[in-house]
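# from the sequence below, what's the structure:
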Amino acid sequence: SDEHECVYCFALSGYDPDELTLKIFTPDGFELKVQGISEWDMAISEENTTGTNTDIVGTLGISFVNFGMRITRRPVFWVSLVVVPTFLIGSLVMIGVFYGATTENLINNSIQLGLTTMMSMMVVVGILNDSLAKT
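Below is the predicted model:
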């Protein structure tokens with residue numbers, strides 16, 4: 001599976017750790033949840049850290065909080081949204097090309113088939129557009 005680990009870091013610079021420090025606090029019985037999107041499933045890792053780093057600016061410390069995220073791709077998303085409808089539309093087109101056309105209606109049948117295919121693909125693209133996250 002396609003899985004990624006990411007870390008979101010929130011930091012305060014310009015403050016001494018004695019003046020201001022970031023801490024992670026989760027009340028008892030409270031569970032952190034993240035909502036995934038149609039293509040990705042997201043989860044918060046249990047390995048969240050807090051700390052102070054003085055390596056960057058010398059004597060002035062930087063207080064930070066790290067939130068670990070795990071992002072997993074949902075492979076069925078593309079199969080169900082793109083591959084299956086495209087296969088079905090292609091199958092219908094092939095049936096329409098080789099079945100039911102008479103010689104006097106051959107041109108009209110081809111035009112109808114082309115317009116129907118374009119309209120069907122536009123519906124699939126519209127569904128795909130609605131399913132993807134707006135980023």
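# after the helix or strand of the chain with the lowest mean pLDDT, which helix or strand is next?
Lowest on mean pLDDT, DSSP states H and E among the helices and strands of the chain sits strand 49-53, with a mean of 65. For strand 49-53, the following helix or strand on the C-terminal side (DSSP states H and E) is strand 62-73.
# what comes up buried for that next one?
The neighbour-count check on strand 62-73 (16 or more other C-beta atoms under 10 Å) flags 62-67, 71 as buried. Quick note: C-beta positions are derived from backbone N, CA and C, even for glycine.
# quick check: buried residues in the helix ranked longest in the chain?
As assigned by DSSP state H, the longest helix anywhere in the chain is helix 106-131. Buried positions in helix 106-131, judged by neighbour count with 16+ other C-beta under 10 Å: 113, 120, 124.
# list the contacts for the last one?
Meaning V124. 81-82, 85-86, 89 (C-beta atoms under 8 Å, 6 or more residues apart in numbering).
# where does the chain dip in pLDDT?
1, 16-17, 21-22, 32, 46-61, 96-108, 132-135 (pLDDT under 70).
# how is it carved up into domains?
3-73, 76-131 (automatic domain parsing).
# which residue is the nearest non-sequential neighbour of G68?
Closest residue to G68 apart from its sequence neighbours, by C-beta to C-beta, 6 or more residues apart in numbering: S45 at 3.1 Å.
# how about the contacts made by the one you found?
5, 67-70.
# could you measure from it over to C6?
Distance of S45 to C6, computed by C-beta to C-beta, to the nearest Å: 9 Å.
# please identify every residue contacting each of those two.
Joint contacts of S45 and C6 (C-beta under 8 Å, 6+ apart) are 68-70.
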